[in-house]
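S.K.: What follows is a predicted protein model with its sequence.
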Amino acid sequence: MSEPAGPQRAVILEALDHVRDPKSGQGLAAAGLVRGLVVRGDRAAFMLEVAPADIELYAPVRDAAERALAAVPGVGRAQVILTSEGPPPELKTAPRRARVSDDPQARLGNMPEAEKPPHVRKVIAVASGKGGVGKSTVAVNLAAAFAALGYRAGLLDADIYGPSAPTMLGIEEAEPTFDADKKLNPVEAWGLQVMSIGFIVEPGTANIWRGPMASSALRTLMGSNWGTAEAPLDVLVIDLPPGTGDIQLTLVQRLKLDGVVIVSTPQEIALIDARRAAAMFSKTGAEILGVVENMAYFPDPATGAPIPIFGQGGGKAEAERLGVPLLAEIPIDIALRQGSDEGRPLVATAPESPAAQAFLRMAERLASR
């Protein structure tokens, strides 16, 4: 967990121990209810995670904790996120033998039916089986491409352990606000509504969170105020962490997806992991919309001819094997890398470039469906 260092941590925890846990009678810190404590500048925040049945009981506790935080010298903004982990009691199933299933459907259990956020029309997840294939670059530029085509678009950076959207969009210092119901308001950038755990945790620190805590954080981000009744989002793009773990399963449990885009590079080792990701989403009922082959080739500086540095045709062959379209072949482009590092998405800053054109064509193909 991200935690502040130095004497202020002790002062904050002492202040929070003056707020009593209604169940144990202990202070919040002593009761172990101060989770993910973060200090950024004059802002202090933590997550108060309770059982689903106790949400109403702890609502006044959250308010008291915010007042206690705000009273600490040096704290100008205090935020406490009240969240819960697990299904409501009436949805729990009988205990099963302690065994981890390889079947994602079995791991989902008897959960509430997945739903979309109230003011979002379409939800597209961008996934990969392994890291390092440029999944976040694809997600950010795909969302920017939708915005460039005139759609109201949002981006949810669901990579709890390695959030990159704030950096790629140049909004690392942004801080989302809360509405009267303590729901997060997304940050506006490059024509997008954006939410990321990177806005909440301290920059440069590791999020050492177990599965339930990470899943709880994701549910909080998913419940942000996306769009409005008068101007709903046409599409919400979700940048998933690589792999097939708790975050992905939480997503399909809670959020109704219109489809998943699988990102890979041409080499076989990346394609093997892409198959695992596609298999997981297929088992959970999510539609695979297509495959994106990133770093597909390097354009020869002299002639523009494609040089297949990482192999050739792998993405197309995998798309055919899955029975889905190859949505795009994204070339290796120095400007694409620079734009990501500088917080300037290529689609927005150089839309005529070959890589940006590939993203725009991909967004058009997805929109046409």
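M.R.: Nice, I can see it.
S.K.: Let me know the pLDDT of the spatially most central residue of the chain.
M.R.: Closest residue to the average C-alpha location of the chain: Ala158 at 1.1 Å, with CA atoms, centre = their mean. Listed pLDDT for Ala158 reads 86.
S.K.: Leu251 versus that one, what's the distance?
M.R.: Using CB to CB, to the nearest Å, we find Ala158 at a distance of 7 Å from Leu251. The way it works is simple: take the backbone N, C-alpha and C, and place the C-beta from them, glycine included.
S.K.: Need the residues touching each of these two.
M.R.: Residues touching both Ala158 and Leu251 (CB atoms under 8 Å, 6 or more residues apart in numbering): Leu218, Met222, Ile238, Leu240.
S.K.: For the nearest residue to Glu293 once chain neighbours are set aside, which three-state class applies?
M.R.: With sequence-adjacent residues excluded and distances taken as CB to CB, 6 or more residues apart in numbering, Glu293 is closest to Gly315, at 2.7 Å. Assigned state for Gly315: helix (three-state reduction, DSSP: H, G, I helix; E, B strand; the rest coil).
S.K.: Surely Gly315 and Val324 touch.
M.R.: No. Counting by CB atoms under 8 Å, Gly315 does not reach Val324; the two are 11.0 Å apart.
S.K.: With neighbour numbers in mind, choose between these two.
M.R.: Gly315 (28 against 19; other CB atoms under 10 Å).
S.K.: which residue sits closest to Thr349, ignoring its sequence neighbours?
M.R.: Excluding the flanking residues, the one nearest Thr349 by CB to CB, 6+ apart is Gly339, at 6.1 Å.
S.K.: so that neighbour is in which element?
M.R.: Using DSSP states H and E, Gly339 falls within helix 334-342.
S.K.: those helices in the chain, which residues are they?
M.R.: 7-16, 55-70, 104-108, 135-148, 165-168, 211-222, 246-254, 268-283, 314-322, 334-342, 346-349, 354-368 (DSSP state H).
S.K.: that older thread, for the helix holding Gly339, list every residue counted as buried.
M.R.: Neighbour-count burial for helix 334-342 flags Leu336, Gly339, Ser340 (criterion: 16 or more other CB atoms under 10 Å).
S.K.: can you check stretch 287-304 too?
M.R.: Ile288, Leu289, Gly290, Val291, Val292, Glu293, Asn294, Met295, Ala296, Tyr297, Phe298.
S.K.: Closest one to Leu169 out of those residues, please.
M.R.: Asn294 (18.6 Å; CB to CB).
S.K.: ok, that closest one - contacts?
M.R.: Val133, Gly134, Lys135, Thr137, Val138, Val263, Ser264, Thr265, Ile330.
S.K.: By mean pLDDT, flag the weakest helix or strand of the chain.
M.R.: Here the helix or strand of the chain ranked lowest by mean pLDDT, DSSP states H and E is helix 104-108, holding a mean of 48.
S.K.: re earlier: list the residues that contact both of Gly315 and Val324?
M.R.: Common neighbours of Gly315 and Val324, using CB under 8 Å, 6+ apart, are Val291.
S.K.: Could you chop the chain up by domain?
M.R.: 7-84, 120-368 (automatic domain parsing).
S.K.: Format those as JSON lines; extra columns: distance to Ala114.
M.R.: Output for the domains of the chain, formatted as JSON lines (distance: least, CB to CB, whole Å):
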{"stretch": "domain 7-84", "distance to Ala114": "16"}
{"stretch": "domain 120-368", "distance to Ala114": "4"}
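S.K.: what's the most buried one of those?
M.R.: domain 120-368 (a mean of 20; mean count of other CB atoms under 10 Å).
S.K.: Can you get me the start-to-end distance on it?
M.R.: End-to-end distance of domain 120-368 (CA to CA, to the nearest Å): 17 Å.
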